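Participant: Return a 3D structure for these sequence lines:
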Amino acid sequence: MNPISKTFCASPWIHMRVLSSGKLLYCRWLPDKNNQLTSNLYQTDFVTYFQKEMSSLRATMLQGGSLEACNQCFIMEKHGKVSGREKQLLKVGIDTKNFEKTLRSSTFYDEFAKSAQNNGDTDLWPQDWQIDLGNHCNSACIFCEPKSSSKLATEFMKLGLINKLPPRNWTDDPVAIERFIELLTKSKKLQYIHFIGGETLVTPAFNRILTQLVDKGLHKETTIGFTTNLTIWDNNIIDLLKKFKSVNVGMSVECLHPINDYLRWPSNIEHVKDMLNKWVTLSKEIGWLIQIRTTPTVFSIAHLKTIYDYAYDNQVGVESCNFLNNPDFMRMSILPKDVRESIAEDLDSWVKSKNVKSSDSNMVNVRDPNLTREYILRDALSYVDYLRNGPDETNRWPDLVNYIKKLESSRKNTILDYAPEYEHILQSAGY
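Facilitator: Numbers count the residues shown, from 1 in each chain. Modelled structure (predicted):
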C-alpha cells in the first residue's frame, strides 16, 4: 500500500476557510489554535495564501509526512468515523481502501504531480469554502466559545470568564465583504461555499453575501451550504437560497430530549422539533440536501439515539463533524467506564436492530441520499467504539462542575432537572 495513504489529504488543493476574525485557515476541521499560518483577509488576498503560503503543507503531505494539525481526522478514523480527510479525498475521486488505484485515476493526479515538482506550489484556486460569518448568535450553548456566540461572550464577560470581547467579525466590514466577493467572482471552478456562525440566519452579512453572490451570477454554478440552530425561520433568506444551483442545510441539535435546552440554552425542545420538521419538509420538497449536525457531549451522548432514530426514520443525514475537542471537560470520555459501556451497549443494540447492508467501499459519501442510512449506522458505531476504547478522562469532572455552576448562577437552572441520573457523580465532584 502506498505509504502516504494514511496521511495524504486533498484539502490543501481544493479547500480553504475564513475564520470569524478574518484569519485564513487551510482546513475546516482544524482547531484554530493549531493553525500554522497567520494570514488574514485584511493583509493577504486568499489566492496568494492558497497558492504560495500553503505550499509547505502540500509538500509535507506529498512526502508522506503527517501534520500535527491533522490529528482530529486520525482520531476519527481510528474509531470508524468518516473523517474530514476521507471526505475531501472522495471529492477528488480517491478511496482510501483502493488508494493507489484511485489516486492515479483522480482528476487531480496531475495537479498533485505538478505540486510535487514545484515545492508544493499550485496554480489552482480554492473551490470548496467554509466561511465563518462571525459570532452573531441568539444561543449560548454551554460547549461553545465567545468567538462563535455573541450571547455567550456577553455572559462570559459578566461572569468574569473572559476579560475582553472577541475581535470584530470580518463580515461587519462591508469593504472586506466586497473585496472577498470580488475575488470569488474570479475563482476558477468554484463549487461549494458553506456558511456557519454564530447563527447564520441572524447574521446580517449572510443576507448581504448571498445577495451579492446572486448579483454576480455565482448562484448558477455554486452550491451553498449553511448551518442553523433550529430557532429561526427567515423567508427572505429562503427565497435567496432558492436561486442557487443547490443547497445543503445543516441543522444543529444535540438530541431530541429536554436536556438539549440545557446544552443549547435558551432553546425550547418542542420549538426545535417543530423547526426541524419544517426544514426537513421544505428541503425534501425542493430537493435540498439536509443533515443533522450534532456534537455529542458528556450530557447528550446518552440521548444521541434520539437523533439517529429521527434521522433513520426520515432518511436525513447525520454529520457530527468530529469528536468534541474543546471544552475538554465536556467530552464523553469523562464518564465512568460502566456508564460508557451501558450507553455503548444501547447504541450497539440499536444498530444491530437495523438491516442495512454495508457498501463494498471503505468510504461512505455522506452527501449521497442512497447511502444515508448506512452512514447513520456507521456514525453510531463510531461512538460505540469511542465509548469503549477512548481515553479515560474522569479526572475532569471537577472542572466541569466548576464551569456549569458559574453558568447556572446566571441562567437560574440546574443540570439535575435534566440529568438526575448524574447526581451522585456531580456531587462527588463538588456540585
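Participant: How about residues contacting the helix or strand containing K114?
Facilitator: If you go by DSSP states H and E, K114 is part of helix 109-117. For helix 109-117, contacts defined as Cβ atoms under 8 Å, 6 or more residues apart in numbering pick out W13, S55, R58, A59, L62, L103, S106, D121, T122, L124. In this view, the C-beta of every residue, glycine as well, is placed from N, C-alpha and C.
Participant: In JSON lines: the residues you listed, plus distance to G317, secondary structure and neighbour count.
Facilitator: As requested, the contacts of helix 109-117 are exported to JSON lines (distance: Cβ to Cβ, whole Å; DSSP: H, G, I helix; E, B strand; the rest coil; neighbours: other Cβ atoms under 10 Å):
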{"residue": "W13", "distance to G317": "25", "secondary structure": "helix", "neighbour count": "22"}
{"residue": "S55", "distance to G317": "35", "secondary structure": "helix", "neighbour count": "17"}
{"residue": "R58", "distance to G317": "30", "secondary structure": "helix", "neighbour count": "24"}
{"residue": "A59", "distance to G317": "35", "secondary structure": "helix", "neighbour count": "17"}
{"residue": "L62", "distance to G317": "32", "secondary structure": "helix", "neighbour count": "18"}
{"residue": "L103", "distance to G317": "27", "secondary structure": "helix", "neighbour count": "22"}
{"residue": "S106", "distance to G317": "25", "secondary structure": "coil", "neighbour count": "18"}
{"residue": "D121", "distance to G317": "36", "secondary structure": "coil", "neighbour count": "15"}
{"residue": "T122", "distance to G317": "31", "secondary structure": "coil", "neighbour count": "18"}
{"residue": "L124", "distance to G317": "28", "secondary structure": "coil", "neighbour count": "18"}
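Participant: coming back round to it: may I have the strands that pair with the helix or strand just after the helix holding K114, each with its orientation?
Facilitator: The first helix or strand that comes after helix 109-117 along the chain, using DSSP H and E, is strand 128-132. Strand 128-132 has its sheet partners listed here by DSSP bridges as strand 15-18 (parallel), strand 192-196 (parallel).
Participant: quick one: stretch 109-125 to chain centroid distance?
Facilitator: 28 Å (Cα atoms, centre = their mean, to the nearest Å).
Participant: same thing with stretch 302-309?
Facilitator: Per Cα atoms, centre = their mean, the centroid offset for stretch 302-309 relative to its chain is 18 Å.
Participant: What residues of it count as buried?
Facilitator: A302, H303, L304, K305, T306, I307, Y308 (16 or more other Cβ atoms under 10 Å).
Participant: Kindly format the C-alpha coordinates of that stretch as CSV.
Facilitator: Provided in CSV are the C-alpha atoms of stretch 302-309 (Å, rounded to 0.1, in the frame of the first residue of the first chain):
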residue,chain,number,x,y,z
ALA,A,302,-26.9,9.0,26.4
HIS,A,303,-29.6,10.6,24.3
LEU,A,304,-27.8,10.5,20.9
LYS,A,305,-30.0,7.6,19.8
THR,A,306,-33.0,10.1,19.6
ILE,A,307,-31.1,11.8,16.8
TYR,A,308,-30.3,8.6,15.0
ASP,A,309,-33.9,7.4,15.4
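Participant: Quick check: phi and psi on the residue most central in space within the chain?
Facilitator: Most central in the chain under Cα atoms, centre = their mean is C321, positioned 4.1 Å from the mean C-alpha point. Per-residue torsions, C321: phi -60, psi -30 (degrees, to the nearest 10).
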